[in-house]
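K.L.:
this one's sequence-less:
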């Protein structure tokens with residue numbers, strides 16, 4: 001298990017090679033989509049069900065039926081990330 005230290009908090013995560021069940025499935029999808037499992041997903045690895053639902057919500061927001069174009073959705077995501085000082 002990897003541990004990350006951002007300030008005072010430590011978050012133990014499950015690495016892709018140690019993932020099982022639902023988590024292994026989510027990680028496999030991430031690798032197919034992005035070629036790797038990003039840290040933001042690993043941080044949620046201790047709650048595979050919540051991670052799976054989070055990824056399903058992301059898919060619905062970014063790719064589901066909407067009056068917003070794909071470009072507009074990406075633009076909003078970038079603006080929100082910048083406002084939150086988040087590099088994702």
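P.N.:
That came through fine. Bear in mind the structure is a predicted one, so any value in this text is a computation, not a measurement.
K.L.:
Three-state assignment for residue 36, please.
P.N.:
With DSSP: H, G, I helix; E, B strand; the rest coil as the basis, residue 36 sits in coil.
K.L.:
which residues of this protein score low on pLDDT?
P.N.:
For the chain, residues meeting the criterion pLDDT under 70 lie at 1-9, 88.
K.L.:
Tell me which residues touch the residue positioned nearest the centre of it, please.
P.N.:
With distances taken as CA atoms, centre = their mean, residue 41 lies nearest the centre of the chain, 3.9 Å away. Applying CB atoms under 8 Å, 6 or more residues apart in numbering to residue 41 gives the contacts 26-27, 30, 51, 55. Every C-beta, even on glycine, is put in place using the N, C-alpha and C of the backbone.
K.L.:
Could you single out the nearest of the residues you listed to residue 61?
P.N.:
Ranked by distance to residue 61 (CB to CB), these are led by residue 55 at 10.8 Å.
K.L.:
Touching, residue 49 and residue 22? I think so.
P.N.:
Yes - contact criterion CB atoms under 8 Å: residue 49 and residue 22 qualify, at 6.3 Å.
K.L.:
rewinding a little: kindly reformat the contacts of residue 41 as CSV containing neighbour count, secondary structure and distance to residue 12.
P.N.:
Listed next are the contacts of residue 41 as CSV, based on neighbours: other CB atoms under 10 Å; DSSP: H, G, I helix; E, B strand; the rest coil; distance: CB to CB, whole Å:
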residue, neighbour count, secondary structure, distance to residue 12
26, 24, helix, 17
27, 24, helix, 16
30, 19, helix, 19
51, 21, helix, 15
55, 16, helix, 20
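K.L.:
Residue 35 versus residue 53, what's the distance?
P.N.:
Spatial separation of residue 53 from residue 35 under the definition CB to CB, to the nearest Å is 23 Å.
K.L.:
Just the buried residues of stretch 45-52, please?
P.N.:
Going by neighbour count (16 or more other CB atoms under 10 Å), the buried part of stretch 45-52 is 45, 48, 51-52.
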